[in-house]
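# Pasting the sequence and the predicted coordinates here, then a few questions.
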Amino acid sequence: MNQSALIRPDWTPATIALMVLGFVVFWPLGLAMLAYIIFGDRLKSFKKDANDTVDGMFASCRGKFGRRGGSAFRNATGNVAFDDWRDAELSRLDEERRKLDEMREEFDSYVRELRRAKDQEEFDRFMRERRAKGQGDVPGFPAT
C-alpha cells in the first residue's frame, strides 16, 4: 500500500475528518469509517484468505470436470491443434501468475519487515532520548 495515500487505515487527519463527517451525516457511515481505520490493515489478509477458501472449494470441481470445465462448459473450437495450443498458453499464463503472486508475497513480507525495523528504530531512539532527559525507565519495559 502506498504510504502517501490520503485515505489509508490509519489515524490521519483525512480519515478522522471523514469519520466525524460520517457520524454527523449518518451514524453508520461514521461507524464504518471507524472500523476501516481500526481494522483496515487486516482487509488484505482477509481477502486473500477468502479467495484461497473459494479457490479450494472450486478445485474439486476442476478435478471432476477437467481443467477448464466439462464438455458442455468448454469453449472448444473444433480445431484440436488450436485447442491444445490454447490450453498450453493458459497453463503457461497460470504459471506466470503463480510466480508473480509469489514475488508479490515476498515483497509484501519484505516491506512489513522494513516497517517493523523502522518502528523498532524509532522506539529505541525515543527511549534513548527519554533516558537522556533523565526520566528513567518505565517499569515493565526492558532497557534498550
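All right, it came through fine.

# can we go C-alpha only for contacts and neighbour counts from here?
Will do.

# How far does the helix or strand harbouring W85 sit from its chain's centre?
For W85, the element it lies in under DSSP states H and E is helix 80-132. Between the centre of helix 80-132 and the centre of its chain there are 10 Å (C-alpha atoms, centre = their mean, to the nearest Å).

# Could you number the chain from 897 rather than 1 from now on?
Got it, the first residue is 897 from now on, which makes the last one we talked about helix 976-1028.

# At the geometric centre of the protein, which residue sits there?
Centroid-nearest residue in the chain, with C-alpha atoms, centre = their mean: K940, separated by 2.7 Å.

# tell me the pLDDT at that one?
Looking at K940, its pLDDT is 71.

# next one: K1014
Per-residue pLDDT puts K1014 at 94.

# ditto for W923
pLDDT for W923: 89.

# where does the chain dip in pLDDT?
Residues of the chain that meet the criterion pLDDT under 70 lie in 897-902, 956, 958-971, 1031-1040.

# cutoff 50 now
Confidence mapping of the chain against pLDDT under 50 gives the ranges 897, 965-969.
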